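S.K.: Provide a 3D model corresponding to the input given below.
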Amino acid sequence: MQSGGGPTAPRRRYVLFDLDGTLTDPAEGITRSAVHALRSRGYPAPEPEALRWMVGPPVRATFGRLAGTRDPAEIDALIAAYRERFAPVGMYENRVYPGIPELLADCVAAGCRLGLATAKPAVFARRILRHFGLTAHFSAVAGSYLDGRRSDKAAVIRHALRLLGAEPAAAVMVGDRVQDVAGARACGVEAIAVRWGYAEPGELDAAGPTVVCTDEGELRRWLIG
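M.R.: Predicted coordinates:
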């Protein structure tokens, strides 16, 4: 693995992007909605800042951990309470990272076809792309179902590849968490990690991506030169 600034990697025709922590910073909406869910169900809730680790992993596993339960019905109830706030409000407590719209446009101009590959439900991901004016850059949007199916990152990446008609060797996955790197490797797809997201200390280095980029400029060089 190299850490940004190395030689430019060969271009890939297909570029898959994670959403949360990679294209946008959704922490405020996710954490505040999680606090709402916990309190609604009678659980003690930390301050939102203490829940930033939630950004990235599938929501079912997250709420099981937060509530200390494996009861599917209770997890369903927590997710429903979370979405009571997230769908109308929390989804838009979000911001696009600097330089990302320009990067996406330049990737398309360079001949790349872009796919979104997120563990977030696809219905929410599409609304977020539309809200920030990013929809036109993407040829495919792959996400999970509202009931939690296809939330494993490898399954999401495989779905994105199918939608794009892409062979794994022609694609690269860009993300900010270990799930993105592990999912890409399980699919035979090259993985590029970014440091501006929500990985825990040491998480990305241990995951073993091809490169870890520290800013949008380094990512640009690895994707399109």
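S.K.: and residue 44, what helix or strand is that in?
M.R.: For residue 44, there is no enclosing helix or strand under DSSP states H and E.
S.K.: would you list the phi and psi of it?
M.R.: With angles defined as degrees, to the nearest 10, residue 44 sits at phi -70, psi 140.
S.K.: go on, residue 17?
M.R.: Here is the backbone geometry of residue 17 (degrees, to the nearest 10): phi -120, psi 130.
S.K.: same check, this time on the one 4 residues further on
M.R.: Here the main-chain torsion angles of residue 21 (degrees, to the nearest 10) amount to phi 80, psi 0.
S.K.: shouldn't it be in contact with residue 198?
M.R.: Yes - with contact defined as CB atoms under 8 Å, residue 21 and residue 198 form a contacting pair (4.5 Å). The C-beta positions use only the backbone N, C-alpha and C, and glycine is treated the same way.
S.K.: who touches both of those two?
M.R.: Taking CB atoms under 8 Å, 6 or more residues apart in numbering as the contact criterion, the common neighbours of residue 21 and residue 198 are 55-56, 176-177.
S.K.: and those residues, which of them are buried?
M.R.: Applying 16 or more other CB atoms under 10 Å to the shared contacts of residue 21 and residue 198, the neighbour count classes 55-56, 176-177 as buried.
S.K.: can you put these in TSV and add distance to residue 118 and secondary structure?
M.R.: Compiled in TSV, these are given as follows (distance: CB to CB, whole Å; DSSP: H, G, I helix; E, B strand; the rest coil):
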residue	distance to residue 118	secondary structure
55	11	coil
56	9	coil
176	11	coil
177	11	coil
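S.K.: which one in those residues is the model shakiest on?
M.R.: In this model, the minimum pLDDT among those belongs to residue 56 (84).
S.K.: TSV please, covering the buried ones among the shared contacts of residue 21 and residue 198 and showing distance to residue 144.
M.R.: Putting these into TSV (distance: CB to CB, whole Å) gives the following:
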residue	distance to residue 144
55	15
56	13
176	17
177	15
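S.K.: quick check, nearest of these to residue 84?
M.R.: Set against residue 84, the nearest of those by CB to CB is residue 55 (19.4 Å).
S.K.: quick one: the closest one and residue 193, what's the gap?
M.R.: In this structure, residue 55 and residue 193 are separated by 15 Å, where distance is defined by CB to CB, to the nearest Å.
S.K.: for the nearest residue to residue 69 once chain neighbours are set aside, helix, strand, or coil?
M.R.: Nearest non-adjacent residue to residue 69, counting by CB to CB, 6 or more residues apart in numbering: residue 75, 6.7 Å away. At residue 75 the chain is in helix, as set by DSSP: H, G, I helix; E, B strand; the rest coil.
S.K.: higher neighbour count, residue 21 and residue 198?
M.R.: residue 21 (23 against 20; other CB atoms under 10 Å).
S.K.: burial of the nearest residue to the more buried one once chain neighbours are set aside, as a residue count?
M.R.: When the adjacent residues along the chain are set aside, residue 21 lies closest to residue 197, with 3.0 Å between them (CB to CB, 6+ apart). Residue neighbour count, defined by other CB under 10 Å, stands at 23 for residue 197.
S.K.: in the protein, where is pLDDT below threshold?
M.R.: Low-confidence regions of the chain, defined here as pLDDT under 70, cover residues 1-11.
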